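> this one's structure only:
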Ligand SMILES: Nc1nc2c(ncn2[C@@H]2O[C@H](COP(=O)(O)OP(=O)(O)OP(=O)(O)O)[C@@H](O)[C@H]2O)c(=O)[nH]1
């Protein structure tokens, strides 16, 4: 007698300190760059979803911003967002990088996880295993196992693609039985405008120094097909900074930096839209937008 194969579907999320490698892991798992990544902490500000569709399962991965001690209104909103995601998923992967000691920040997140999602299974993931020797990976797994009880412990290297499939299998195993939630071929349900704004922000963040990243936001103000052309899209994006000095940094000498940012972002947006793109970037100062409820709402951080 044969039984019908089981199909599972549901939601997972990656949790961890900023820079733990969550977005990179999500991208490796989905196979397409959905969430943006950078070497600056706190790059991710939205619950971007990556969708893995395979014959036996559909896993929707929700990427959350790195947790941190909130210092601004934006910080508080981000933490609220993270918590609302936790209580809404079937399985959580708690990530720590192999090359950094587990510290109070990690323990705080773990404690909050236990409080906010007491019944959700949590997998312990050691990321960036390619950065250290195998014995250090083993030591980190041991250290992680002392933090709390995990449903599974998994070492991964998103950059080398090592163990990413294993992690995916373990996440899928924790999903309930159910039909597909999204059509085949869909990798994210983020609106295209959001993905475009994120691509611009990613390009603008590249190479800037410490304090700017948190002050930078981007928003698509208009996106229209060029009249009479089906192969060209006009895209208008505003980049927000908090101070004049930051505007000068983003623009660069005679706007040379902005031009380079535009060139890089345009290539990615063309890939995304499948048309040629005319990209118009405009930099504007929105004073202290991270602390201003009205501005936060306008930029979509409700
Ligand atoms: N060597 C190595 N580097 C990695 C790996 N995964 C991520 N990184 C790097 O670590 C940095 C942070 O990665 P992200 O994926 O942006 O980290 P995140 O946890 O999503 O960060 P936030 O968005 O700030 O929460 C980037 O420079 C990545 O290239 C890995 O498997 N190996």
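In hand now; what should we look at? Given the structure is predicted, the values throughout are model-derived calculations rather than measurements. Numbering: from 1, shown residues only.
> helices along the stretch 151-300 of the chain, start to end?
Assigned by DSSP state H, counting those that start in this stretch, the helices in the stretch 151-300 of the chain fall at 164-173, 192-205, 244-251, 256-273, 293-298.
> got any ranges where the stretch 201-302 of the chain has weak pLDDT?
Low-confidence segments of the stretch 201-302 of the chain (pLDDT under 70): 209-213, 296-302.
> next to the ligand, which bits of it? Give me the list.
Within the stretch 201-302 of the chain, no position is adjacent to the ligand by CB under 6 Å from any ligand atom. The way it works is simple: take the backbone N, C-alpha and C, and place the C-beta from them, glycine included.
> so which of the helices of the stretch 151-300 of the chain is nearest residue 232?
With CB to CB, the closest approach to residue 232 among those belongs to helix 256-273: 10.0 Å.
> and the closest one, what does it pack against?
helix 192-205, strand 232-241, helix 244-251, strand 276-285 (3 or more CB pairs under 8 Å, 6 or more residues apart in numbering; DSSP states H and E).
> which of the ones you listed is buried the deepest?
Most buried of the helices and strands packed on helix 256-273, by mean neighbour count (mean count of other CB atoms under 10 Å): helix 192-205, with a mean of 22.
> mind giving me the packing neighbours of that helix?
On a contact count with 3+ CB pairs under 8 Å, 6+ apart, helix 192-205 meets strand 217-225, strand 232-241, helix 256-273.
> wait, what's in contact with residue 158?
Residues in contact with residue 158 (CB atoms under 8 Å, 6 or more residues apart in numbering) are 21, 24-25, 27-28, 127-128, 164.
> can you say which of these are buried?
21, 24-25, 27-28, 127-128, 164 (16 or more other CB atoms under 10 Å).
> least confident of those?
Least confident by pLDDT among those: that is residue 27, with 84.
> can you name every helix or strand that the helix or strand encompassing it contacts?
Under the criterion of DSSP states H and E, residue 27 resides in helix 22-30. On a contact count with 3+ CB pairs under 8 Å, 6+ apart, helix 22-30 meets strand 8-16, strand 48-54, strand 57-63, strand 122-127, helix 164-173.
> again, only this time at 7 Å
strand 8-16, strand 48-54, strand 57-63, helix 164-173 (3 or more CB pairs under 7 Å, 6 or more residues apart in numbering; DSSP states H and E).
> what sits up against the longest one?
What it means is helix 164-173. Helix 164-173 has contacts (CB atoms under 7 Å, 6 or more residues apart in numbering) with 8, 12, 28-29, 52, 57, 59, 91, 93, 123, 125, 152, 154, 156, 158.
> and the ligand, which of those residues contact it?
Okay, of the contacts of helix 164-173 touching the ligand (CB under 6 Å from any ligand atom), that's residue 158.
> so what's the closest residue in space to residue 164 that isn't next to it in sequence up against?
Closest residue to residue 164 apart from its sequence neighbours, by CB to CB, 6 or more residues apart in numbering: residue 28 at 4.9 Å. Neighbour list for residue 28: 158, 161, 164 [criterion: CB under 7 Å, 6+ apart].
> now do the helix holding residue 27 against strand 122-127, angle only.
In terms of direction (axes from the mean of the first three to the mean of the last three CA atoms, to 10 degrees), helix 22-30 departs from strand 122-127 by 100 degrees.
> host element of residue 96?
Judged by DSSP H and E, residue 96 forms part of strand 91-97.
> average pLDDT for that strand?
pLDDT averaged over strand 91-97 gives 95.
> which is the next helix or strand following it?
The first helix or strand that comes after strand 91-97 along the chain, using DSSP H and E, is helix 104-116.
> other residues contacting that following helix?
With contact meaning CB under 7 Å, 6+ apart, helix 104-116 is reached by 15-17, 67, 83, 86-87, 92, 94, 96, 122, 147-148.
> could you work out the most separated pair of these?
Using CB to CB, the contacts of helix 104-116 span at most 21.9 Å, a distance reached by 87 and 96.
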